[in-house]
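Visitor: One predicted model, sequence on top.
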Amino acid sequence: MNPAPLVAVVGNPNAGKSALFNALTGARQKVGNYPGVTVERKGGRMTLPDGRPVELVDLPGSYGLDPSSPDEAVTRDVLLGKQKGERLPDALLIVVDASNLDNHLRFALQLIALGLPTVVALNMIDMARRDGLEIDAERLSADLGVPVVETVAVRRRGIEQLRGSLAELLLGPRKIRAGAAPSHDPLQLQRSARSIAAHAVRSETPVRRITHRLDAVLLHPVAGPLILAGILFVMFQAVFAWSETPVGWIETLVAWAGDRASATLPPGILRSLVVDGAINGVGAVITFLPQILILFLFILLLEATGYMVRAAFLMDRLMHRVGLSGRSFIPLLSSFACAVPGIMATRTIDNEKDRLTTILVAPLMTCSARLPVYTLVIAAFIPARKVGGVIGLQGLVLFGLYLAGIVGALLAAAVLRRSVAKGASGFFMMELPKYQLPILKDVALGLWQRAAIFLKRAGGIILVTTLVLWALTSFPQAGPGQKQSEVSIAGHIADGIETVVRPVGFNHEISLALLPAMAAREVAVSAIATVYSVDSKDEDQQAANLEDRLRGRWPLPTALAFLAWFVFAPQCISTIAVTRRETNGWKWPLFMVGYLFALAYIAAGATYWLARFAGL
Ligand SMILES: Nc1nc2c(ncn2[C@@H]2O[C@H](COP(=O)(O)OP(=O)(O)OP(=O)(O)O)[C@@H](O)[C@H]2O)c(=O)[nH]1
Ligand SMILES: [Mg+2]
């Protein structure tokens, strides 16, 4: 005797599969385990209206056929007939949530394309009605090419119709339709799902309507990426344009604090410690608070409005070329502010290899701590001319540095994905939330938290390294005719570093700055400032600003090599620490530090020697 036909109940998480399974099978259930995995198998029996027995299996909820968890892998393997301990189903019962139709139809379309006899349960129709959503089940059925039955699983409504539908499906010999495989591209799939859902909806609430209208534009194949590029352009412009005034205030405040301390403290070591070490060192760094907050303001707003998930969707195809998915986009975008929250945000990537690769390339995104270094060197060495009469050369160089970071990250991801982090990449299957006006209180709270983290960093790690550096460069004191930066302890340490970095064009002062800059990149600026100020005894020269000083002492190839170094060098203890925490060990942070330093060395060397040969 043939075994009873097997029907798989399948759909997105929370569609109501189990509720429907219970309604269909009643008490006749058996719970077991799939062999070899810790995934539960829930099977049950039901009887068709004509008396034939049918076996039902309740599969784990899934967003698509590209699994991102062991549960989802079981679902896919059962559907492809590859799961140990399960035969290929004879028919599918796809459960979709009527009030979340467009999201759930994405998976449904993939499932229908498998070509098995299929019926769709349009579940939670009660919730949809409550939300003012009227769906035309017949139209939906015509578009999908399979029967659609309205159900309310928890009230057992539609159960009889469903049994009737299943009986029809399972009549006669099993016929497998050769279904056209739906596009593997999530954006394409999303569009088909959207248009089928929109066609099936008779009426909907204004919020849904607005969301659909906006998505028609924002997810449009041409307009979508252009709008995204425009938003990113405005964001980076704003980081510089809007920060000028508040940066001025902070500088005034720091100068005032320095003056007050100088006036109160007697001249000597203590005054030098407080003014040169603490106030100027930390002050140089907190001037960048406004830029960081502006960047975070944009990111928080994009997240709160629901746009960020769409941006990730749009980026998915591009990210796939380098072996990542759209999910990596949000962590990488946050890394423009700081790699630490960026790396923490990779927790939403459930594909392990995708996540690891994203963590390893996140430090290549130009974080805000690089800005002090970049702007200092650019202001000192790149003339403030216009290119083509409109675009500033300095801004262009800065843009080039950002671009170098992005291109470096994409190339590194492509290489890592083919070597140490080999494996299939996950597809982007996240539900698209509806658009919302951001709740200003939440945004303000988010900004406040970022500011607190940053200020804590400035008050902790940066204050400590600045003070240690001040001590190391101030002692022992130079005698007459000696240079402080050479006789001091720091000077001797720098000698060692210099032998390594001399071939890429770095001088003694840069070597000295590199070590404390391991704590945080922006420390490089205060370190160079400290080195030059402890060297100059002459008050006038001390008053000259850092840019003028660099211009006199560094050849242009050295300055350019220094910029190239900072595009790649992993000079940030916090990033290394958070990588250790997120990857549970030292293996990956050490790997990251190694490959990034190697890249930095090569980039600096290539830049230096090319510039020399070009006669700059
Ligand atoms: N109002 C209403 N609630 C429902 C309906 N069907 C299911 N629910 C509820 O929706 C929730 C999710 O239902 P489940 O049956 O657990 O969903 P599932 O698809 O099995 O979810 P996973 O196993 O997590 O993938 C439960 O709280 C159900 O009580 C329905 O037709 N109407
Ligand atoms: Mg369930």
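Guide: Good, I have the coordinates. Ligands and ions are numbered 1, 2, ... in the order given.

Visitor: In the stretch 1-150 of the chain, what residue lies closest to ligand 2?
Guide: S18 (3.2 Å; Cβ to the ion). Placement of C-beta: from N, CA and C, glycine included.

Visitor: ok, now which ones touch that residue?
Guide: Residues near S18 by Cβ atoms under 8 Å, 6 or more residues apart in numbering: 42, 58.

Visitor: Just the terminal-to-terminal distance for stretch 582-591.
Guide: By Cα to Cα, to the nearest Å, the extent of stretch 582-591 from end to end equals 14 Å.

Visitor: mean confidence score for that stretch?
Guide: Averaging pLDDT along stretch 582-591 yields 92.

Visitor: Buried residues in it, which are they?
Guide: 582-583, 588-589, 591 (16 or more other Cβ atoms under 10 Å).

Visitor: any idea how far the residue in the stretch 301-450 of the chain that ligand 1 sits nearest to is from L467?
Guide: Proximity of the stretch 301-450 of the chain to ligand 1 (Cβ to the nearest ligand atom) peaks at E431, 13.2 Å away. Using Cβ to Cβ, to the nearest Å, E431 is found at 50 Å from L467.

Visitor: got TSV for the buried residues of stretch 582-591, with distance to D102 and secondary structure too?
Guide: Conversion of the buried residues of stretch 582-591 to TSV gives the following (distance: Cβ to Cβ, whole Å; DSSP: H, G, I helix; E, B strand; the rest coil):
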residue	distance to D102	secondary structure
E582	33	helix
T583	36	helix
W588	38	helix
P589	41	helix
F591	41	helix
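
Visitor: tell me which of these is nearest to ligand 2?
Guide: Using Cβ to the ion, those come closest to ligand 2 at E582, 30.2 Å.

Visitor: rewinding a little: not counting sequence-adjacent ones, nearest residue to the residue of the stretch 301-450 of the chain closest to ligand 1?
Guide: N103 (4.4 Å; Cβ to Cβ, 6 or more residues apart in numbering).

Visitor: And the strands in the stretch 251-400 of the chain, which stretches?
Guide: 386-387, 391-392 (DSSP state E, counting those that start in this stretch).

Visitor: Could I get the average pLDDT for the last one?
Guide: The reference is to strand 391-392. 71.

Visitor: Check stretch 556-568 too.
Guide: 95.

Visitor: any idea how far that stretch is from the chain center?
Guide: 27 Å (Cα atoms, centre = their mean, to the nearest Å).

Visitor: Report the buried residues of it.
Guide: 557-568.

Visitor: low-confidence ranges in the stretch 451-600 of the chain?
Guide: 457-458, 461-462, 533-545 (pLDDT under 70).

Visitor: Turn the buried residues of stretch 582-591 into a markdown table, columns for distance to L437.
Guide: Formatted as a markdown table, the buried residues of stretch 582-591 follow (distance: Cβ to Cβ, whole Å):
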| residue | distance to L437 |
| --- | --- |
| E582 | 33 |
| T583 | 37 |
| W588 | 40 |
| P589 | 40 |
| F591 | 43 |
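
Visitor: ok, so of those residues, who is nearest L273?
Guide: P589 (33.2 Å; Cβ to Cβ).

Visitor: so that closest one makes contact with S574?
Guide: No: P589 lies out of contact with S574 (Cβ atoms under 8 Å); the separation is 11.4 Å.

Visitor: now the strands of the stretch 251-400 of the chain in TSV, with distance to A444 and mean neighbour count?
Guide: Listed next are the strands of the stretch 251-400 of the chain as TSV, based on distance: least, Cβ to Cβ, whole Å; neighbours: other Cβ atoms under 10 Å:
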stretch	distance to A444	mean neighbour count
strand 386-387	38	11
strand 391-392	33	13
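
Visitor: wait, which of those is closest to ligand 2?
Guide: strand 391-392 (56.7 Å).

Visitor: one step back: the more surrounded of E431 and L467?
Guide: Under the criterion of other Cβ atoms under 10 Å, the comparison of E431 against L467 puts L467 first, with 17 against 13.

Visitor: Nearest to S68, out of the strands of the stretch 251-400 of the chain?
Guide: strand 391-392 (42.9 Å).

Visitor: Check which helices and strands the helix or strand where L560 lies sits against.
Guide: For L560, the host element (DSSP states H and E) is helix 556-568. Here helix 556-568 touches helix 370-381, helix 393-418, helix 587-613, going by 3 or more Cβ pairs under 8 Å, 6 or more residues apart in numbering; DSSP states H and E.

Visitor: Leaving out chain neighbours, which residue sits closest to R551?
Guide: A380 (5.0 Å).

Visitor: For the one you found, list the residues it contacts.
Guide: A380 neighbours (Cβ under 8 Å, 6+ apart): 546-548, 550-551, 554, 559.

Visitor: Now with 6 Å, please.
Guide: 547, 550-551 (Cβ atoms under 6 Å, 6 or more residues apart in numbering).

Visitor: With secondary structure as added columns, please give those in TSV.
Guide: Listed next are the contacts of A380 as TSV, based on DSSP: H, G, I helix; E, B strand; the rest coil:
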residue	secondary structure
E547	helix
L550	helix
R551	helix
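
Visitor: ok, and the most crowded of those residues?
Guide: L550 (20 neighbours).

Visitor: all helices for the stretch 451-600 of the chain, in order.
Guide: Ranges of helices in the stretch 451-600 of the chain, per DSSP state H, counting those that start in this stretch, are 463-474, 484-487, 489-501, 508-514, 523-535, 539-543, 546-553, 556-568, 573-583, 587-613.

Visitor: Could you give me the buried positions within the shortest one?
Guide: Applying a neighbour-count criterion of 16+ other Cβ under 10 Å, one finds 484-485, 487 buried in helix 484-487.

Visitor: and the gap between the residue nearest to A98 when sequence neighbours are not counted and N22?
Guide: Leaving aside its chain neighbours, A98 sits nearest to A128 (4.0 Å; criterion: Cβ to Cβ, 6+ apart). A128 sits 21 Å away from N22, going by Cβ to Cβ.

Visitor: now swap in R208 and tell me
Guide: 30 Å.

Visitor: Report the mean per-residue pLDDT for stretch 362-379.
Guide: 88.

Visitor: What distance separates the opening and closing residues of it?
Guide: 27 Å.

Visitor: okay, now I227: neighbour count?
Guide: Quick note: I227 (other Cβ under 10 Å) scores 18 neighbours.

Visitor: I am finished for the moment; much appreciated.
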